[in-house]
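Chemist: Structure, please.
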Amino acid sequence: MKKINSIFGLILILISFNSCKTEVPVLHQKILFEQHYVNYAWSYQNSGYLIDSLGYVRVFNLSKDTIKWNEPDKDGTISVEQMTRNLELCTTVVGQIDPDTISYYSSKIWAASKGNISAPQNIMADAGSNVFSAFIFDKKTNKYQKVMLKTWGDWTINNDAPEAESIYRWMTRINTLIYNYNQIIEIKYGTSFGECIGYCKRDLVLENEKVTYNCSGWTANIQPVTRSETLTPASWSDLKYNLNINSFFELPATIGCPDCADGGAEWIEIRLLNGNTHKVTYEYNHEPDFLKSNVTILRQMLQKNECK
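Modeler: Below you'll find the model as predicted:
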């Protein structure tokens, strides 16, 4: 995932849609998709995400005292100014979707806007409302037109366009990414070498806004070294991005033969919001495939630990 070094300005993308029957307008816009969940039943919940034209997934979590989220008007339109204010309420970026995927799903928005919207059906109670939407920007009016993809919860509303269903199913997978992201509250990572003199064990403890470096040896005469520094929000997001919790917790505690023939051992431990932890130790430089991007970042961070 690319890191965000600054708040970028309004970036226009050009998405062309081809139709054999009608001429389809060209869309110029910054915000493409929105997921928004609201529930007042048990405790106040008002959260979701916006996906912009660069693929950044920007989440928001509003309290009762937060400035009101701008909703589309009765005609389903929302101004650029209102959308910009909503974007400012998205305080965290949890990941970036690749350009090909953004192009693929944004190309379905126009067709999704032609679907028939069903009448609301009361399905549940106290489940709140979870709304999945896309947007089409009208350059003439300088407004976004909301395209309702699906609403579920206390009331269910469907869009019968196949493209709407396709986008919705994709967005539910984004929800899983965000769930995983929000559940991880601590990541530990380290290496060790058995046939070694000096600081043979090195590790990191990462949590929101802080990283702690540790060095230690196998004997009592090696004095442990610990130091801490600030962990930027972008770095914390990078580490948690695309880290599949279910897949990680299904891994065995030991993989292969760590540190056999002094080959070294490497390990990762994850702690979740619910208190569950899982540690996986494996042969040095032989991490599971789905962890490669995360381990690469962790190795780069560990290299900064000079043990002094």
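
Chemist: C-alpha only now, for contacts and for neighbours.
Modeler: Fine.

Chemist: Distance-wise, check the closest residue to residue 148 other than its chain neighbours relative to residue 108.
Modeler: Leaving aside its sequence neighbours, residue 148 sits nearest to residue 133 (Cα to Cα, 6 or more residues apart in numbering; 4.7 Å). Distance from residue 133 to residue 108, counting by Cα to Cα, to the nearest Å: 12 Å.

Chemist: before we move on, back to that, mind checking how far the residue nearest to residue 148 is from residue 284?
Modeler: Distance of residue 133 to residue 284, given as Cα to Cα: 45 Å.

Chemist: Might you list the low-confidence residue ranges for this structure?
Modeler: 1-28, 42-43, 66 (pLDDT under 70).

Chemist: Domain-wise, how is it divided?
Modeler: When the chain is parsed with automatic domain parsing, its domains come out as 13-160, 185-302.

Chemist: Of those, which is nearest residue 175?
Modeler: Taking Cα to Cα, domain 13-160 is the member of the domains of the chain nearest to residue 175, at 8.6 Å.

Chemist: so how far is that closest one from its chain's centroid?
Modeler: 17 Å (Cα atoms, centre = their mean, to the nearest Å).

Chemist: Name the residues of the biggest helix by length in the chain that are buried.
Modeler: Using DSSP state H, we find that the single longest helix of the chain is helix 162-183. Of all the residues in helix 162-183, those buried under the rule 16 or more other Cα atoms under 10 Å are 163-165, 167-168, 171, 174, 177-178, 180-181.

Chemist: Of those residues, which is the nearest to residue 62?
Modeler: Using Cα to Cα, residue 178 comes nearest to residue 62 of the buried residues of helix 162-183, at 15.7 Å.

Chemist: isn't that closest one right next to residue 94, touching?
Modeler: Yes. Using Cα atoms under 8 Å, residue 178 is in contact with residue 94, at 6.9 Å.

Chemist: same for the helix or strand residue 299 falls within, what does it pack against?
Modeler: Assessed by DSSP states H and E, residue 299 sits inside helix 292-302. Here helix 292-302 touches strand 201-207, helix 233-240, going by 3 or more Cα pairs under 8 Å, 6 or more residues apart in numbering; DSSP states H and E.

Chemist: burial count for residue 303?
Modeler: 9 (other Cα atoms under 10 Å).

Chemist: and it, backbone torsions?
Modeler: phi -60, psi -20 (degrees, to the nearest 10).

Chemist: Quick one: residues contacting it.
Modeler: For residue 303, the contact set (Cα atoms under 8 Å, 6 or more residues apart in numbering) is empty.

Chemist: circling back: make a markdown table out of the helices and strands packed on helix 292-302 and add mean neighbour count and distance to residue 65.
Modeler: Converted to a markdown table, the helices and strands packed on helix 292-302 look like this (neighbours: other Cα atoms under 10 Å; distance: least, Cα to Cα, whole Å):
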| stretch | mean neighbour count | distance to residue 65 |
| --- | --- | --- |
| strand 201-207 | 21 | 27 |
| helix 233-240 | 19 | 24 |
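
Chemist: In space, not sequence, find me the middle residue of the protein.
Modeler: The residue lying closest to the centre of the chain (Cα atoms, centre = their mean) is residue 94, at 3.3 Å.

Chemist: Assess the claim that that residue and residue 181 are in contact.
Modeler: Yes. Applying Cα under 8 Å as the test, residue 94 and residue 181 come out as touching, 7.0 Å apart.
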